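Trainee: pasted the sequence and its predicted model underneath.
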Amino acid sequence: MADRKPLISGNWKMNHNHFEAIQMVQKLAYALSQNDYDVVDVSVHPPFTDLRSIQTVLESDDIPIALGAQNCHWEAKGAFTGEVAPGMLAKMNVSVVIVGHSERRELFGESDDEVNRKVKAVLANGMTPIMCCGETLEEREADGAVTKVKLQVLAGLAGLKAEQVAGLVIAYEPIWAIGTGMTATPEDAQEMCSAIRGVVRSKWGAEAAHGVRIQYGGSVKGANAPDLMGQSDIDGALVGGASLDADEFARIIGYRLVG
């Protein structure tokens, strides 16, 4: 993992109203210690309706958890009913934004070009994108996983400078492992994350490849987090369902204490 500080992010998806979200963050903060924050960066990504409530809790209680969002539009403002501009998020001190999650791609038809526009908009507003990539089961079984993910990375980060790539996060999430209980083996996850770092190295150079943080996502739990996080090219986790339970999410964040 070199000297990259791991980032463990909780993607709550369409779960927790703002009352539940407040309780969740307070319980999570109680379960974590300064020792955790010293070695792991943590972000939570609640629904848009929860952001202001969570911002207030984090700031008033001085909790060192980064406030994240699950998505945004690429335009600064305009007639885009139902969308949220990146500048609106930045005003609430959101610092990390998930971009191009497979559910956005698969269910809502987001294209690689739209993902690229969002990555650039997030960066332009002083926030860090978590750019997601991953293959379907069919693509994996046809030996097309590496090719699919490499193309997603190149398209999603197209037009960025090396120093921008060095500071962002790429999340590898095999689509077949999201919410299914199936998890890539640590070796499979490492192979794919290594391939992603190799793409960054060949396109943007060694410094960018060294700096970029690569998360694994897909049925991450407290039980498998230590083995996944022990891989040399895995620099964190993008956690779905398990991040909705404060105790389980805290076990994932404390992966180094297991065993």
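Mentor: Structure's in. What do you need? Numbers count the residues shown, from 1 in each chain.
Trainee: neighbours around Met192, how many?
Mentor: Met192 has 26 neighbours, counted by other Cβ atoms under 10 Å. C-beta coordinates here come from the backbone N, C-alpha and C atoms, glycine included.
Trainee: that one belongs to a helix, doesn't it?
Mentor: Yes. The assignment for Met192 (DSSP: H, G, I helix; E, B strand; the rest coil) places it in a helix.
Trainee: can you pull the contacts of it?
Mentor: Met192 is in contact with Ala145, Val146, Val149, Tyr172, Pro174, Ala184, counting by Cβ atoms under 8 Å, 6 or more residues apart in numbering.
Trainee: and the helix or strand bottoming out on mean pLDDT in the chain, which residues are buried?
Mentor: Lowest by mean pLDDT, DSSP states H and E among the helices and strands of the chain is helix 137-141, with a mean of 86. By neighbour count on 16 or more other Cβ atoms under 10 Å, the buried set for helix 137-141 is Glu139, Arg140.
Trainee: how far off centre is it?
Mentor: Between the centre of helix 137-141 and the centre of its chain there are 22 Å (Cα atoms, centre = their mean, to the nearest Å).
Trainee: show me the strands in the chain, by range?
Mentor: 7-11, 41-45, 66-69, 96-99, 128-133, 169-172, 213-217, 236-239 (DSSP state E).
Trainee: now do the longest one against strand 7-11, angle only.
Mentor: On the basis of axes from the mean of the first three to the mean of the last three Cα atoms, to 10 degrees, strand 128-133 is oriented at 70 degrees to strand 7-11.
Trainee: strand 128-133 pairs with which strands, and in what direction?
Mentor: Here strand 128-133 is paired, per DSSP bridges, with strand 96-99 (parallel), strand 169-172 (parallel).
Trainee: any idea how far Gly230 is from the nearest residue to Glu110 once chain neighbours are set aside?
Mentor: Sequence neighbours aside, Arg104 is the residue nearest to Glu110 in space, at 4.6 Å (criterion: Cβ to Cβ, 6 or more residues apart in numbering). According to Cβ to Cβ, to the nearest Å, Arg104 stands 30 Å off from Gly230.
Trainee: tell me which of the two has more neighbours.
Mentor: Legend: neighbour count by other Cβ under 10 Å for Arg104 and Gly230, higher for Arg104 (18 against 14).
Trainee: what's the closest of the contacts of Met192 to Ala29?
Mentor: Tyr172 (28.1 Å; Cβ to Cβ).
Trainee: residues contacting Gly236?
Mentor: Residues near Gly236 by Cβ under 8 Å, 6+ apart: Pro6, Leu7, Ile8, Ser9, Val40, Asp41, Val169, Arg213, Ile214, Gln215, Tyr216, Met229.
Trainee: and with 10 Å instead?
Mentor: By Cβ atoms under 10 Å, 6 or more residues apart in numbering, the residues touching Gly236 are 1, 4-9, 40-43, 130, 169, 171, 213-217, 220, 228-229, 253.
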